[in-house]
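*Asks:* Fold the following for me, if possible:
(one chain, ligands or ions: 1)
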Amino acid sequence: MAAKIAMITGITGQDGSYLSEHLLERGYEVHGLVRRSSTIERSRLKHLYNDPEVYSRKLFLHYADLDDPTTIRRIVTRVAPAEFYHLAGQSHVGLSFEIPESTCDTTAIGTLRIMEILRDQPDPPRFLHASSREIFGTPSVSPQDENTPVNPNSPYGCAKAFATQMTKIYRESHGLFFCNAICYNHESPRRGENFVTRKVTLAAARIAAGQQESVSLGDLDACRDWGYAKDFVNAMWLMLQQSQPDDYVLATGVSHSIRELLEIAFSRVSLRWNEHVNVDDRFKRPADPYQLLGDPSHAESQLEWKRSVDFQQLIELMVDSDIERIQRQKH
Ligand code: GDP
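*Replies:* Predicted structure coming up:
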């Protein structure tokens with residue numbers, strides 16, 4: 001039987017790399033769209049890219065920018081994927097205030113362009129849009145679920161709200177298998193180093209290795225609902241295996257503070273966090289939405305989605321991975 005074909009935008013990111021592995025393990029042929037401009041960051045895909053059994057046999061990368069629909073259309077038509085995972089986009093909330101037009105171009109209109117291309121295909125693929133809890137802004141209800149009012153308060157959230165609603169409209173008006181994964185924070189050893197979990201796990205590992213003395217952070221009372229990126233891509237895949245398309249909140253339903261994060265990360269390396277952490281106002285946010293907490297009940301009941309690790313295990317595996325990375329660099 002011919003392999004099932006999947007296409008991924010944002011394949012070089014944290015989620016894209018885990019999703020590629022997830023699909024390859026299940027026998028898929030995986031096609032990634034990568035940006036033509038900028039140096040391609042492929043470190044998260046390196047192990048697959050450098051494997052001659054995988055690259056150009058089961059995994060293929062194509063150059064296509066999100067603002068270049070002609071190229072995307074050509075690739076989609078040629079490859080004819082059965083599943084399309086749209087994970088790409090400028091996702092930095094703060095940055096979206098500085099560059100709102102390009103954020104909306106790629107995140108909002110870029111998504112719509114892809115949906116138009118997919119709608120035109122003779123056999124439109126199933127489509128997953130990686131949406132974000134940013135569509136809820138500063139919600140007045142907690143936890144949030146699929147029925148929580150959309151009320152974004154950042155250009156990024158607004159662009160995501162547009163793309164989320166369009167995904168729904170295409171599902172309802174054109175009868176397409178289009179779904180939104182409304183994702184809360186999800187972390188892993190592949191998380192970017194400026195996100196707080198990775199900043200802390202890397203700092204704990206470096207301090208333990210004697211490479212650094214301390215780390216500067218913002219608000220230590222800030223809380224987040226942090227899950228594991230590997231579990232999230234499993235849910236995304238499950239969403240496209242259902243008999244009916246739908247939207248799902250992907251979250252853990254449990255909130256933790258930066259202090260708890262510090263406690264776990266530094267205990268893992270037998271250090272006391274308060275001897276190594278400085279508070280720096282530059283890292284504080286003007287209005288942090290503390291009550292961001294997702295209700296994953298729908299995903300748990302409909303997809304039978306189970307998370308493989310809890311928060312403590314997640315942070316510990318991230319610290320362990322950063323320790324290993326530092327040791328590898330030494331040799
Ligand atoms: P976000 O939820 O997408 O903004 O993910 P981040 O990992 O960037 O931030 C999560 C939370 O950590 C926010 O509430 C921040 O205010 C808080 N935080 C506290 N100190 C820091 C820091 O030094 N860097 C970052 N990125 N966040 C911090």
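*Asks:* hey, let's count contacts and neighbours off CA atoms from now on
*Replies:* Noted.
*Asks:* Please list the residues of the stretch 201-331 of the chain that sit near the ligand.
*Replies:* 217-220, 222-223, 283-285, 288 (C-alpha under 6 Å from any ligand atom).
*Asks:* Could you export these as a markdown table, including distance to Asp246 and pLDDT?
*Replies:* Output for those, formatted as a markdown table (distance: C-alpha to C-alpha, whole Å; pLDDT from 0 to 100):
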| residue | distance to Asp246 | pLDDT |
| --- | --- | --- |
| Leu217 | 38 | 97 |
| Gly218 | 37 | 94 |
| Asp219 | 36 | 93 |
| Leu220 | 36 | 95 |
| Ala222 | 31 | 91 |
| Cys223 | 28 | 92 |
| Phe283 | 37 | 88 |
| Lys284 | 36 | 85 |
| Arg285 | 33 | 77 |
| Asp288 | 29 | 69 |
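*Asks:* so how far does stretch 3-20 reach from one end to the other?
*Replies:* One end of stretch 3-20 to the other measures 14 Å (C-alpha to C-alpha, to the nearest Å).
*Asks:* Let me know the average pLDDT across that stretch.
*Replies:* The average pLDDT for stretch 3-20 rounds to 96.
*Asks:* buried set for it?
*Replies:* Buried residues in stretch 3-20, counted by 16 or more other C-alpha atoms under 10 Å: 5-20.
*Asks:* related to what we said a few turns ago, which ChimeraX command selects the buried ones in the residues of the stretch 201-331 of the chain next to the ligand?
*Replies:* To isolate the buried members of those in ChimeraX, using 16+ other C-alpha under 10 Å:
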select :217,218,219,222,223
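*Asks:* Break down the stretch 151-300 of the chain into its helices, ranges please.
*Replies:* Using DSSP state H, counting those that start in this stretch, the helices of the stretch 151-300 of the chain run over 155-174, 196-208, 229-239, 258-268, 297-302.
*Asks:* Tell me which residues of the shortest one come out buried.
*Replies:* Of the residues in helix 297-302, those with enough neighbours to count as buried (16+ other C-alpha under 10 Å) are 297-300.
*Asks:* Quick one: residues in contact with stretch 95-105.
*Replies:* With C-alpha atoms under 8 Å, 6 or more residues apart in numbering as the test, stretch 95-105 has contacts from 67, 89-90, 154-156, 159.
*Asks:* and the residues you listed as JSON lines, adding distance to the ligand and pLDDT?
*Replies:* Below are the contacts of stretch 95-105 laid out as JSON lines (distance: C-alpha to the nearest ligand atom, whole Å; pLDDT from 0 to 100):
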{"residue": "Asp67", "distance to the ligand": "24", "pLDDT": "86"}
{"residue": "Gly89", "distance to the ligand": "14", "pLDDT": "81"}
{"residue": "Gln90", "distance to the ligand": "12", "pLDDT": "74"}
{"residue": "Ser154", "distance to the ligand": "12", "pLDDT": "90"}
{"residue": "Pro155", "distance to the ligand": "14", "pLDDT": "93"}
{"residue": "Tyr156", "distance to the ligand": "11", "pLDDT": "94"}
{"residue": "Ala159", "distance to the ligand": "15", "pLDDT": "96"}
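*Asks:* Tabulate those residues (TSV), appending distance to Leu128.
*Replies:* Output for those, formatted as TSV (distance: C-alpha to C-alpha, whole Å):
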residue	distance to Leu128
Asp67	19
Gly89	14
Gln90	17
Ser154	23
Pro155	22
Tyr156	18
Ala159	16
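*Asks:* List buried residues within those residues.
*Replies:* 67, 89, 154-156, 159.
*Asks:* Find the pair from those with maximum spatial separation.
*Replies:* Farthest-apart pair in the buried ones among the contacts of stretch 95-105 is Asp67 and Ser154; separation 21.6 Å (C-alpha to C-alpha).
*Asks:* quick one: which of the residues of the stretch 201-331 of the chain next to the ligand is nearest Cys183?
*Replies:* Distance to Cys183 across those (C-alpha to C-alpha) is lowest for Cys223, with 15.9 Å.
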